[in-house]
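Student: Here's my sequence, what's the structure:
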Amino acid sequence: MRPASHPDAAETEERGLIEQLSALRSLIPYVLPPGDMSAKLRTGIAIFLVVVSQFILVGAPFFLGNAQDAVADAVGRGDAFAQVGLFIAFFVMGYGALRLLSTLFSEAREYVFAPVAQQAQRKIATETFAHLHRLSLRYHLAKRTGGLSRIIERGVRAIDFLFRFLLFNIGPTLLQLLIAGAAFAIAYNGWFAVIAIVVVVTYVAFTVMTTEWRLKFRREMNRRDTESWARAVDSLLNYETVKYFDAEGREVKRYDVAMAAYAQAAIRSKTSLATVNIGQSLLMNAGIVASMVLAAFYILGGDMSTGDMLTITLVLNQLYRPLNILGFAYREIKQALTDLERMFQLLEEPPEVIDAPHAQPITDVRGRIEFEDVDFHYDDDRQILSGLSFTAEPGQTVAVVGPTGAGKSTLSRILYRFYDIAGGAVRIDGHDIRDITQASLRAAIGMVPQDTVLFNDTIGYNIGYAKPDASQSEIEQAAADAQIHDFIATLPKGYDTMVGERGLKLSGGEKQRVAIARTLLKDPAILILDEATSALDSATEKDIQVALSLASEGRTTLVVAHRLSTVQDADLILVMDQGRIVERGTHAELLSQAGLYAELWHRQDTVDA
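Tutor: As a prediction, this is how the structure comes out:
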């Protein structure tokens, strides 16, 4: 079964703005959750404050225009200088008070709406993060971690941008245009409203067309940005491997090549933006000049005053000023909608492995494992397991050995149900694992992998990860059982010692002991050791084997091993080759059969000697 495919970012950006706005509908339940009256009330109040602020903003220039006419009349009548000065002071202060009041109303909505916006961002980011953890291992193996984290980052940033510009900048600007147009038509002449509307409509149309033209440059820049980011994250995550091969220079060069490609794409994007800005500036200035010429004509005809001309100029300046932001906002809204839609596409990505409707949690696990005629493939053209059958009784240790590529490690992924099998059945205590909830299934299994990856946190946190409510004494007991407590006690910060990115501050043996301690703390009924010592030196391997033997006591243990010397005491050894079990038995029985196991044993024995 393969995950459903979705349009990629390039395809998304090619869609029209109106079609992309449908992504906003998906955002509504996060902004206004059903039953959350507080969010609805806050949103309503915020909208009311914005509307009031725009009415005041348009009214302030009318107040100042009337002030100029009143002062001019006072001067014409020969009023005293002090009286004229009082007029000027009153009207200037009144204009300033109105502008301040408009600002206060506009900013007050930030206090009111900020909790709603932040809650929506937090909720959708958390839900996307949780959904990524629900997606299949197949999905994550096919994706770059850096690319996925970038999608979440951009999506959350897009929500913040859309709130700030679409709801509280573009909307108020359009409202201001309607109020100003109506005021011009009522107070002066409809031609002023026509000029304002024509300029705004032309400006918007020009911005839309040129933005669509620029999309190919923005799309290429974003693609290069994602590639360079993912390349940097991938390199840093594999820091130790880079050091192994003295490849720092090579990695820096690869990153520089990616950044050079990004720089070229960014230059094309920015130069095309300069072209757009020139056109926008011409349109705005043409509108202001046309309005002033028309106002001067009416003043000469005695139909308007200089105060009216001042009012019109101030209103148009107020109206056109946000158009600079409108052009930027349209371009960014287009991108924000793309980022938001991509994040919602992640949320729509169906998990490959899901609990059946009738799935029940498994309790009191004894640890009996059955593989019955199991078939499995990662890809349709490559069979991994064919007709595989075996049984591990409770408390028994079953080892799985064979050449590289035989399908050994696949068994643990199937038992954890990271993948569903193509045929047959896998059972625990007689229950098909497809009829068991994934949470309870995985709670019953412990894993010590070949490559232990630790969180960049303390040793205590990494051991306690298996049991979040574990006490310090439980953590220390698990560490003692894993034979690492004494080492931790020698560290200056003890269990509070940071292990570094992926546990790089610890040696391989120390990391394995932490993994064993973590598994012991989990106390699972079933233990999987997936080549847990194959990456260690012989001396460390022997020490770790002691800890693993203690960890296996009383548990059904499935050991995937490359070194046969580590499994010769197993109750049952399964020999795999090309996805099938070709031999089974104890160490002595398999040697006596003189088959593949005996061949592998003698080959390794010769190499060790």
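
Student: For the stretch 401-550 of the chain, which segments count as helices?
Tutor: 410-415, 438-443, 459-464, 472-481, 485-490, 508-522, 538-552 (DSSP state H, counting those that start in this stretch).

Student: ok, now which ones touch residue 582?
Tutor: 402, 575-576, 595-596 (Cβ atoms under 8 Å, 6 or more residues apart in numbering). Backbone N, C-alpha and C define where each C-beta goes, glycine included.

Student: Which one of the residues you listed is nearest to residue 497?
Tutor: Top of the list for closeness to residue 497, among these and by Cβ to Cβ, is residue 402 at 38.7 Å.

Student: What distance do you get for that closest one to residue 392?
Tutor: As judged by Cβ to Cβ, to the nearest Å, residue 402 and residue 392 stand 17 Å apart.

Student: Of the contacts of residue 582, which is the nearest to residue 380?
Tutor: For the contacts of residue 582, the nearest to residue 380 is residue 576 (21.5 Å; Cβ to Cβ).

Student: Check what pLDDT that closest one gets.
Tutor: pLDDT, residue 576: 91.

Student: Can I get the helices of the stretch 401-550 of the chain in JSON lines including mean neighbour count?
Tutor: Shown next, in JSON lines, are those (neighbours: other Cβ atoms under 10 Å):
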{"stretch": "helix 410-415", "mean neighbour count": "21"}
{"stretch": "helix 438-443", "mean neighbour count": "17"}
{"stretch": "helix 459-464", "mean neighbour count": "23"}
{"stretch": "helix 472-481", "mean neighbour count": "18"}
{"stretch": "helix 485-490", "mean neighbour count": "14"}
{"stretch": "helix 508-522", "mean neighbour count": "24"}
{"stretch": "helix 538-552", "mean neighbour count": "16"}
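
Student: Out of those helices, flag the one nearest residue 371.
Tutor: Taking the helices of the stretch 401-550 of the chain one by one with Cβ to Cβ, helix 410-415 is closest: 7.5 Å.

Student: Kindly export the closest one (C-alpha atoms) in CSV.
Tutor: The C-alpha coordinates for helix 410-415 follow below in CSV (Å, rounded to 0.1, in the frame of the first residue of the first chain):
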residue,chain,number,x,y,z
THR,A,410,12.6,-6.6,8.3
LEU,A,411,11.2,-9.0,10.9
SER,A,412,11.5,-6.4,13.7
ARG,A,413,9.8,-3.7,11.5
ILE,A,414,6.9,-6.1,10.8
LEU,A,415,6.6,-7.2,14.4
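
Student: so what secondary structure elements neighbour it?
Tutor: strand 369-379, strand 382-392, strand 526-530, strand 556-560 (3 or more Cβ pairs under 8 Å, 6 or more residues apart in numbering; DSSP states H and E).

Student: right, so of the ones you listed, which gets closest to residue 121?
Tutor: Closest among those, once you apply Cβ to Cβ, is strand 369-379, at 36.7 Å.

Student: List the neighbouring strands of the closest one plus their orientation.
Tutor: strand 382-392 (antiparallel), strand 423-428 (antiparallel) (DSSP bridges).

Student: Name the nearest residue to residue 431, sequence neighbours excluded.
Tutor: Closest residue to residue 431 apart from its sequence neighbours, by Cβ to Cβ, 6 or more residues apart in numbering: residue 362 at 5.9 Å.

Student: Distance-wise, check the one you found relative to residue 468.
Tutor: The value you get for residue 362 to residue 468, if Cβ to Cβ is used, is 21 Å.

Student: the more surrounded of these two?
Tutor: residue 362 (19 against 7; other Cβ atoms under 10 Å).

Student: With residue 345 as the reference, measure out to residue 218.
Tutor: Counting by Cβ to Cβ, the gap from residue 218 to residue 345 is 19 Å.

Student: now do residue 262
Tutor: 24 Å.

Student: cool, and residue 329?
Tutor: Distance from residue 329 to residue 345, by Cβ to Cβ: 24 Å.

Student: Compare these two (neighbour count), which wins?
Tutor: residue 329 (22 against 19).

Student: mind showing which ranges of the stretch 201-350 of the chain have poor pLDDT?
Tutor: Residue ranges of the stretch 201-350 of the chain with pLDDT under 70: 325-327.

Student: go again using 90 as the cut-off
Tutor: 201, 203-251, 258, 261, 265-266, 268-350 (pLDDT under 90).

Student: By mean pLDDT, show me the worst of the helices of the stretch 401-550 of the chain.
Tutor: helix 538-552 (a mean of 73).

Student: Dump the C-alpha coordinates for it into CSV.
Tutor: What follows is helix 538-552, C-alpha atoms only, in CSV (Å, rounded to 0.1, in the frame of the first residue of the first chain):
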residue,chain,number,x,y,z
SER,A,538,35.2,-7.4,20.6
ALA,A,539,36.0,-6.3,24.2
THR,A,540,33.0,-3.9,24.4
GLU,A,541,30.8,-6.5,22.7
LYS,A,542,31.5,-9.1,25.4
ASP,A,543,30.7,-6.5,28.1
ILE,A,544,27.5,-5.6,26.4
GLN,A,545,26.5,-9.2,25.9
VAL,A,546,26.5,-9.6,29.7
ALA,A,547,24.0,-6.8,30.0
LEU,A,548,21.9,-8.1,27.1
SER,A,549,21.8,-11.6,28.7
LEU,A,550,20.4,-10.0,31.9
ALA,A,551,17.9,-8.0,29.9
SER,A,552,16.7,-11.1,28.1
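
Student: got a list of contacts for it?
Tutor: 397, 448, 481-483, 507-509, 512-513, 516, 519-520, 527, 529, 532-533, 536, 563, 566.

Student: ok and it relative to strand 526-530, angle-wise?
Tutor: 160 degrees (axes from the mean of the first three to the mean of the last three Cα atoms, to 10 degrees).

Student: gap between the most centrally placed residue in the chain and residue 226?
Tutor: With distances taken as Cα atoms, centre = their mean, the residue of the chain nearest its centroid is residue 152 (2.2 Å). Distance from residue 152 to residue 226, counting by Cβ to Cβ: 13 Å.

Student: for residue 184, same thing?
Tutor: 47 Å.

Student: what about residue 244, neighbour count?
Tutor: For residue 244, using other Cβ under 10 Å, the count is 9.

Student: In contact with it, which residues?
Tutor: With the criterion set at Cβ under 8 Å, 6+ apart, residue 244 makes contact with nothing.

Student: Could you give the backbone dihedrals for it?
Tutor: phi -50, psi -40 (degrees, to the nearest 10).

Student: I'd like the numbering to begin with 17 instead of 1 from here.
Tutor: Yes, from this point I'll number from 17; that puts the last item at residue 260.

Student: Let me see the ranges of the helices in the stretch 17-166 of the chain.
Tutor: 25-29, 33-36, 38-47, 53-92, 97-150, 153-158, 161-177.
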